[in-house]
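*Asks:* One predicted model, sequence on top.
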Amino acid sequence: MSEYTKPLPEIEGWWHKEFWQGCKRHELLIQKCSDCGEINIYSPRMLCPSCLSDKLNWIKSSGKGKLYSFTVVKAYPPKIFTDALPYVIGVIQLAEGTRIRSNVIDCNHDKIRCDMDVEVLFEDITEEFTLPKFRPLKK
């Protein structure tokens with residue numbers, strides 16, 4: 001693991017810790033409400049946005065989905081990300097129904113398209129954090 005110089009994720013509260021612990025184990029975890037059965041949108045919540053229950057459980061996602069939306073950043077990023085140009089920021093519609101924002105890597109930027117199949121992979125950046133990223137699904 002080389003020295004990571006970009007900003008680290010912020011853990012906003014106890015309800016975020018399980019997500020990041022799952023990433024460290026290379027598992028993409030999402031929340032599901034025990035009362036209404038809804039899959040929670042990312043980012044993690046204390047209460048279900050559908051029924052306001054506090055009975056949210058973590059389930060393992062398949063890590064597969066479709067690229068819902070994206071942008072290719074080619075110029076004028078925050079200064080700390082200049083060395084990464086160009087890069088893709090995407091919104092991924094997971095197979096379980098929720099969406100997550102992440103980088104899309106290992107792809108030709110000219111061939112990236114909405115609705116393309118993607119899968120999660122994990123980048124260990126520090127001892128504490130592992131980032132979920134996505135790449136085109138190899139068929």
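*Replies:* Noted; the coordinates are in hand. These numbers were taken from a predicted model, which means no experiment stands behind them.
*Asks:* can we go C-alpha only for contacts and neighbour counts from here?
*Replies:* Noted.
*Asks:* outside of stretch 112-130, which residues touch it?
*Replies:* The contact list for stretch 112-130, computed with C-alpha atoms under 8 Å, 6 or more residues apart in numbering, reads 1-4, 8-9, 20, 23-24, 26, 28, 63-70, 92, 131-137.
*Asks:* Off-centre distance for that stretch?
*Replies:* 7 Å (C-alpha atoms, centre = their mean, to the nearest Å).
*Asks:* now the end-to-end length of that stretch.
*Replies:* 24 Å (C-alpha to C-alpha, to the nearest Å).
*Asks:* circling back to that earlier point, tell me the buried residues within the contacts of stretch 112-130.
*Replies:* 20, 23-24, 26, 28, 63-68, 70, 92, 131-136 (16 or more other C-alpha atoms under 10 Å).
*Asks:* any idea of the pLDDT on the residue lying farthest from the centre of the chain?
*Replies:* Taking C-alpha atoms, centre = their mean as the measure, the residue most remote from the mean C-alpha position of the chain is Asp35, 24.9 Å away. pLDDT recorded at Asp35 is 96.
*Asks:* Doesn't Gly114 lie inside a helix?
*Replies:* Rather than Gly, residue 114 is Cys. No. Looking at Cys114 with DSSP: H, G, I helix; E, B strand; the rest coil, it is coil, so not inside a helix.
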